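>>> Here is a sequence together with a model predicted from it:
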Amino acid sequence: MITYLAKRFFEMIPTLFGITLVSFLILQLAPGKPTDVLTEMNPKITPEARERLEKLYGLDKPMMVQYGMWLKRVVKLDFGNSFSTDRRPVLEKIWDTKQALIDRRLFITFFINLLSLILIFIVAIPIGISSATHQHSLFDKITTVFVFLGFAMPTFWFALLLMMLFGIHLDWLPISGFKSMNYESLTLSGQIWDRTWHLILPVFISAFGGLAGISRYMRGSMLEVIRQDYITTARAKGLSETTVIYKHALRNALLTIITLLGLSVPGLIGGSVIFENIFGIPGMGQLFYMGVMTRDYPLVMGILTIGAMLTLVGNLLADIGYMIADPRIRAK
Amino acid sequence: MKHLHLMFLSIAVVLFITSLQPVLSSEISDQPAYGDALITGSIGEPSVLIPMLAGDSASHDVAGLVFNGLVKYDTDLSIIGDLAESWDISQDGLVITFYLRKGVKWTDGVEFTAEDVMFGYKTIINEKTPTPYKEDYLQVKKAEVLDRYTFRVGYEKPFAPALSSWGNLVVLPKHLLEGKDITKSDLVRNPIGMGPYILKKWTSGQDVTLGSNKNYFEGRPCIDEYVYKIIPDPATMFLELQAGGIDMMGLTPIQYTRQTNTKYFMENFQKFRYPVFSYTYMGFNLKHPWFKDKRVRQAIAYAIDKGELVDVVLFGLGSPATGPYVPNTWAYNPNAKKYDYDLTRAKQLLKEAGWEDTDGDGWLEKDGKKFEFSVLTNMGNRSREQTATIVQYRLKKIGIKMNIRVLEWSTFINEFIDKRRFETVILGWSIGIDPDQYAIWHSSKTREKEFNFVSFNNAEVDALLETGRRTFDVEKRKKAYYRIQEILADEVPYIFLYVPDATPIVSSRFKGIKPATIGISYNLPKWYVPKNLQKHRME
């Protein structure tokens, strides 16, 4: 098992290298330069001034030289300095050591995604199982409608609707942000309460789309399993329905879902860009969006690389989970 | 009877007192007071708080409350002293001497002197300082500190925008920054200034909190805290405004006219409206054979109904533009030729230029070619896209087919504008308060990436632009800019379409706001919330 894991781990390195190279090239191919934010359509800027700025940012060097320089730094875990006017190190922007752990961008994104993954699995798996075991029932039909709603509803629109309902009409939940203005003056329990209040809508929105998908996969996978011969055998042996479903069928049906767990990591991180902007949550998604808008190459590259790493780790974890659930893989 | 009188009298007194109560309390409630916080919504987060390094408006907004310049604009757009008490301009316009205020202190207690101005100037012209604002200062030939409170600059040629350039970028605390790399300094995120507010707290991605400078040289600001809450999504920001989470934001035309007409908004908010220093235009590529003919450009100008554009695109929140200056500013020439909507005149001019519908298909032709061209504009700006659609509809009426191409901003600028690959464009300019527009209209500014991309070339305008920027005499400048507007109106290199209004909304508990040509926030330190209306308690 250790050899298998080690092999999988080393396979990740060339993949990561490939991802960064492709990302770097695509970024360079996109029209516009980081200096454009300062210089474009600014009548106070002369072409000479523009050249001076480009030289200062190292943009006058050939593309592959720039990539080489970037790679050399990244090996030492230095993502360089942001091109935005503050010139802060990219890593510090993502993992700002001056802030409390819970206020750091990477942590915020990771935490919200983790919560929504947990929510997805807690809600979607039972829904999927019930829909499968009670196929064509009213419950099954209702969840089908719900699932299609989840697929069809644009996230930003649904988020705004919920904000209006819970934030304005009912006045139960805060509309945006990650904590209240008076957060510092609250007691510890008040602070926890405040954060929880702020997290309810974003976590729900982040989970909503995934909820639909995973419950559908769970249903399909379960339906496939309960039609298998060994389930019929188990039933014929006189085992109770609960034992048949939850002991024998569920374990096999979960295999598909475990794979999906790994695959859903990039989707959730991508989704962070949307909901973090709508809810004004200072996570990595929001930083990424600002980076793209200002053509801040080092920042975008830094976040893409960290995102890629997280995705690869997610896949690795899924493989490990698969191994635990399926003895056949362990035997290999 | 006497008792009855007494009873009436006492009832009258009671009634009088009770009727007086609200009057008295409302009087008390309008008294300026210290305290409370103003929370404003900001789409972007500031990046640096040293003004010369900042490239985005969020940074300038915050830094503008922390730092001061030597001079500033008054409500009538004239230049008045800020850190400079007064100044002299030499007879030939080549030397400006600033006499600084005495006894002004940086918020760390050190006194501000001419050395700080000198240090700021040297920093901005330094090769290594990444700033887009160098150009005005590179024109300075010699800068010197005459004494602790006197600073002098000399120019090779008189340069009218020079005085305003000493506005709000240069002054930096020498005692804190000398010998350091300004971009890596701690002051980038923890600035020390001497403005009305001091940075209190900056939580990345969430908010920037400023506290009032109790020793501010123009007096302690009334509002104790000024908070920029970062909300990237405009729709969310509007919901926050409704929920009372923020006190101030800029409204879109539709929010101003339709969505804030409810009882709730009318009771709790005050809306303002004033023209911003910008305009939207349709520009012609003057190298294109069809648009070389002045009559064609004039005809198109006659065919566009600017009033309709203001009504439809801006919901009436703006005014038709007649030239490159905003109405009611000193450089604006009210008598420049206006192109009122006139289809007959448009058709006549096109006919004179040889454009006629010879085959009866409804479109004009000349030399066997149909009058068809494209207009380019950038993606994501709905008002420009709508403008293009309305112009397209109007031009169809005179037999001109206009196609619309909407492009992503960077592609639009780099591939089309910079390379001059366009027939016409719809774009806008944000203009400074100083009327110098040398970079946009001078014939020497037509190279790639320069801003006279329509290739306008007029010797008289060139000379007038020179005159305008080489004298400090406002009357002489006014004469030059008036004439430039007349020529531009006749030549029509651009069709000036409209000047939009800024439409901010502020919670009604804030008093002391006095709208002026320059906007509403110029006197922010004087805004206040009467004691009985204060919402946030400061600790």
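Nice, I can see it.
>>> so B:Ser164 is in which element?
Following DSSP states H and E, one finds B:Ser164 within helix B:162-165.
>>> Can you list the helices and strands that the very next helix or strand once past that helix packs against?
For helix B:162-165, the following helix or strand on the C-terminal side (DSSP H and E) is helix B:174-177. Under the contact criterion of 3 or more Cβ pairs under 8 Å, 6 or more residues apart in numbering or on different chains; DSSP states H and E, helix B:174-177 touches helix B:114-125. Any C-beta I mention is one placed from the backbone N, CA and C, and that applies to glycine too.
>>> Roughly how far does the residue lying closest to B:Phe112 once chain neighbours are set aside sit from chain A?
Leaving aside its chain neighbours, B:Phe112 sits nearest to B:Val104 (4.6 Å; criterion: Cβ to Cβ, 6 or more residues apart in numbering or on different chains). With distances taken as Cβ to the nearest Cβ, to the nearest Å, B:Val104 is found 27 Å from chain A.
>>> By neighbour count, which bits of the helix holding B:Ser164 are buried? Give me those.
Going by neighbour count (16 or more other Cβ atoms under 10 Å in any protein chain shown), the buried part of helix B:162-165 is B:Ala162, B:Leu163, B:Ser164, B:Ser165.
>>> Touching, the first one and B:Gln139? I think so.
In this case it means B:Ala162. Yes. Assessed by Cβ atoms under 8 Å, B:Ala162 is found in contact with B:Gln139 at 7.0 Å.
>>> Just give me the neighbour total for residue 300.
I'll assume chain A. 25 (other Cβ atoms under 10 Å in any protein chain shown).
>>> Chain B was what I was after
Close neighbours of B:Ile300, defined as other Cβ under 10 Å, add up to 26.
>>> you'd agree it is up against B:Ile400?
Yes. Between B:Ile300 and B:Ile400 a contact is recorded at 7.3 Å, counting by Cβ under 8 Å.
>>> picking that back up, for B:Ala162 and B:Gln139, list the residues in contact with both.
B:Tyr155 (Cβ atoms under 8 Å, 6 or more residues apart in numbering or on different chains).
>>> now the residue in the stretch 151-300 of chain A that chain B sits nearest to, what's its secondary structure?
Across the stretch 151-300 of chain A, no residue is closer to chain B than A:Pro282, which sits at 2.3 Å (Cβ to the nearest Cβ). Following DSSP: H, G, I helix; E, B strand; the rest coil, the label given to A:Pro282 is coil.
>>> Find the nearest non-adjacent residue to it, please.
For A:Pro282, ignoring the flanking residues on the chain, the nearest one in space by Cβ to Cβ, 6+ apart is B:Gly205 at 2.3 Å.
>>> Can you give me the pLDDT of the residue of chain B found nearest chain A?
The nearest approach of chain B to chain A comes at B:Gly205, 2.3 Å away (Cβ to the nearest Cβ). We have a pLDDT of 85 for B:Gly205.
>>> all strands in the stretch 201-332 of chain A, in order from the N-terminus.
Along the stretch 201-332 of chain A, no segments are classed as strands by DSSP state E, counting those that start in this stretch.
>>> Can you give me the neighbour number for the residue nearest to A:Ile214 when sequence neighbours are not counted?
Closest residue to A:Ile214 apart from its sequence neighbours, by Cβ to Cβ, 6+ apart: A:Ala124 at 3.9 Å. Per other Cβ under 10 Å, the neighbour tally for A:Ala124 reads 24.
>>> I'd like to check which residues are in contact with A:Ala124.
With contact taken as Cβ under 8 Å, 6+ apart, A:Ala124 is in contact with A:Gly210, A:Leu211, A:Gly213, A:Ile214, A:Ser215, A:Met218.
>>> sec struct for it, please.
Here A:Ala124 is recorded as helix under three-state DSSP.
>>> one step back: I'd like the distance between the residue nearest to A:Pro282 and B:Val48.
With the distance defined as Cβ to Cβ, to the nearest Å, B:Gly205 ends up 15 Å from B:Val48.
>>> Give the burial count for B:Gly179, as a bare number.
Using other Cβ under 10 Å, B:Gly179 is surrounded by 5 other residues.
>>> Let me see the confidence value for it.
The model's pLDDT for B:Gly179 equals 90.
>>> just B:His536 next, same as before
Looking at B:His536, its pLDDT is 85.
>>> The residue nearest to it when sequence neighbours are not counted - how many residues pack around it?
Leaving aside its sequence neighbours, B:His536 sits nearest to B:Ala37 (Cβ to Cβ, 6+ apart; 4.1 Å). The number of residues packed near B:Ala37 is 21, by other Cβ under 10 Å.
>>> Pull up the residues of the stretch 201-350 of chain B that are close to chain A.
Residues of the stretch 201-350 of chain B lying close to chain A by Cβ under 8 Å from any Cβ of the partner chain are B:203-207, B:227, B:229-233, B:235-236, B:239-240, B:242-243, B:245.
>>> Out of the residues you listed, name the ones that lie in helices.
Members of those lying in helices (criterion: DSSP state H): B:Ala235, B:Thr236, B:Leu239, B:Glu240, B:Gln242, B:Ala243.
>>> For stretch A:167-181, the averaged confidence score.
When pLDDT is averaged along stretch A:167-181, the result is 91.
>>> Of all the residues in that stretch, which ones are buried?
The neighbour-count check on stretch A:167-181 (16+ other Cβ under 10 Å) flags A:Gly167, A:Leu173, A:Pro174, A:Ile175, A:Ser176, A:Gly177, A:Phe178, A:Lys179, A:Ser180, A:Met181 as buried.
>>> any weak-confidence spans in the chain?
Assuming you mean chain A. Where chain A drops to pLDDT under 70, the residues are A:37, A:41, A:329-332.
>>> try again with chain B
For chain B, the stretches flagged by pLDDT under 70 are B:1-29, B:538-539.
>>> Around chain B, which positions in the stretch 101-250 of chain A sit nearby?
Selection of the stretch 101-250 of chain A residues close to chain B by Cβ under 8 Å from any Cβ yields A:103, A:105, A:156, A:160, A:163-164, A:167-168, A:171, A:174-179, A:181, A:185.
>>> tell me which element the residue nearest to B:His536 falls in.
strand B:35-42.
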